[in-house]
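In: Predicted model and sequence follow; I will ask about them next.
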Amino acid sequence: MPSDSRFQRLEPLTGTITRTRPIGGGDTSQAARIEASGGTFLAKWNAGPGGDSFEAEAEGLAALREAAHASGAELLVPEPLLAVNRAPEAEGLLLLPWIEPGDPTPGDWRRFGRALATLHRAEPPEAQTAGASGAYGWHADNWIGSKPQHNGWLNDWPTFFGERRLLAQAEVVRASGSVSGAGADAWQAEWDGPLARLVARLPEILPARPHPSVLHGDLWAGNALAASGGRFALIDPAVYVGDREADLAMTELFGSFAPAFYEGYREAWPLAPGYAARREVYNLFHRINHLTHGPGYAQGVAAVLAQFE
């Protein structure tokens, strides 16, 4: 549970804290639901490397909030009340308003799909894209889960995705030294060549200049919360500007969203032919990023690379 010193840091924003309850489900930080005189809140904290990510997370939430507001997308995006990275003698800390969960209907899922399509049509926030009109990436590196995510700006989408997503994340995972199971021996012997060849083919597979959408970047079911009132909330982003299909693809990787979600999205903004192949390429980034979690992900990486040989 939060320490007294952490409570003291929060109470100027929350009011007097009367109750806390641990929240499970996160794989990088600890979290708690906080009841206080000023309302109900969610606090996340981390004294380890994950504590370096909270300021980037807050910036990503702010970018999604701005894009949702500008486009009129019916989405909830919590506004960070406090975001500080860890210091030598202090843990990182993030404070958000509490989002009360709901029980979504098929109609709610359909509206969520339409809302995400609306968000993807929005122009990227000027504060983060000044001087980079029409480009893909982000003005600073950030985080995806517990691992760094490299950004910068490139004007060609296949080049960005190949260099800053597939190759860069493969190097992040390899350098971590924590690849599990068969993946530890497969990099050089089995995967380096196929991955390089796939990256070279990306101009044939991915669009050169898709609409530059503000992407959540890590849009699996755990980061899209059904809230009371029928809307969905986006949390824990790894924001950057890119092809909207990269977000949509990840919704299908770890168990798809409800069918009505996809119906609503396609009603609002249909997908171009060939999405199934592009989906595999986009999700290869996430499969690589998850190699540290077990040998099952190694099998998935090998299977996708084999499809494009």
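Out: Ah, there it is.
In: before we move on, what SS does the residue nearest to T20 when sequence neighbours are not counted have?
Out: The shortest distance from T20 to any non-neighbouring residue, by C-beta to C-beta, 6 or more residues apart in numbering, is to A32 (4.8 Å). (Each C-beta comes from the backbone N, C-alpha and C, glycine too.) For A32, the assignment made with DSSP: H, G, I helix; E, B strand; the rest coil gives strand.
In: got the buried residues for stretch 290-301?
Out: Within stretch 290-301, the residues scored as buried using 16 or more other C-beta atoms under 10 Å are H290, L291, T292, Y297, A298, G300, V301.
In: from those, which single one is nearest D156?
Out: V301 (24.4 Å; C-beta to C-beta).
In: Report whether the expected contact of that closest one with I288 is present.
Out: Yes. Contact criterion C-beta atoms under 8 Å: V301 and I288 qualify, at 6.0 Å.
In: Pull up the overlap in contacts between these two.
Out: Common neighbours of V301 and I288, using C-beta atoms under 8 Å, 6 or more residues apart in numbering, do not exist here.
In: quick revisit: pretty sure R21 is one of the things the residue nearest to T20 touches, is it not?
Out: Yes. At 6.2 Å, A32 and R21 qualify as touching, with contact defined as C-beta under 8 Å.
In: The two: which has the busier surroundings?
Out: With neighbours defined as other C-beta atoms under 10 Å, A32 and R21 compare such that A32 has more, 18 against 10.
In: Tell me what the more buried one is bridged to.
Out: When assigned by DSSP bridges, A32 has beta-bridge partners P22, A43.
In: returning to that earlier point: ok, the residue nearest to T20 to P80 distance?
Out: Separation of A32 from P80 (C-beta to C-beta, to the nearest Å): 16 Å.
In: Now do the phi/psi pair for the closest residue in space to I17 that isn't next to it in sequence.
Out: Distance criterion C-beta to C-beta, 6+ apart; nearest residue to I17, sequence neighbours excluded, is A36 at 4.6 Å. With angles defined as degrees, to the nearest 10, A36 sits at phi -150, psi 170.
In: mind checking how far A36 is from L13?
Out: Distance, A36 to L13, using C-beta to C-beta: 9 Å.
In: Compare these two and say which is more crowded by neighbours.
Out: A36 (18 against 13).
In: correct me, but the more buried one touches E11?
Out: Yes. Using C-beta under 8 Å, A36 is in contact with E11, at 7.3 Å.
In: Which neighbours do the two have in common?
Out: I17.
In: got a pLDDT number for the residue nearest in space to the middle of the chain?
Out: For the chain, the residue sitting closest to the mean C-alpha position, by C-alpha atoms, centre = their mean, is D218 at 2.3 Å. On the pLDDT scale, D218 is placed at 97.
In: That one is in what secondary structure piece?
Out: Following DSSP states H and E, one finds D218 outside all helices and strands.
In: One more: A196?
Out: Judged by DSSP H and E, A196 forms part of helix 192-205.
In: Extract the C-alpha set from that helix and format it as CSV.
Out: Output of helix 192-205 as CSV, limited to C-alpha atoms (Å, rounded to 0.1, in the frame of the first residue of the first chain):
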residue,chain,number,x,y,z
ASP,A,192,17.9,-11.6,-38.3
GLY,A,193,17.8,-12.5,-42.0
PRO,A,194,14.0,-12.9,-42.3
LEU,A,195,13.4,-9.7,-40.4
ALA,A,196,15.8,-7.8,-42.5
ARG,A,197,14.2,-9.1,-45.7
LEU,A,198,10.7,-8.3,-44.4
VAL,A,199,11.8,-4.7,-43.6
ALA,A,200,13.2,-4.4,-47.1
ARG,A,201,9.8,-5.5,-48.5
LEU,A,202,7.7,-3.1,-46.4
PRO,A,203,7.3,-0.5,-49.3
GLU,A,204,5.5,-3.3,-51.1
ILE,A,205,3.3,-4.1,-48.2
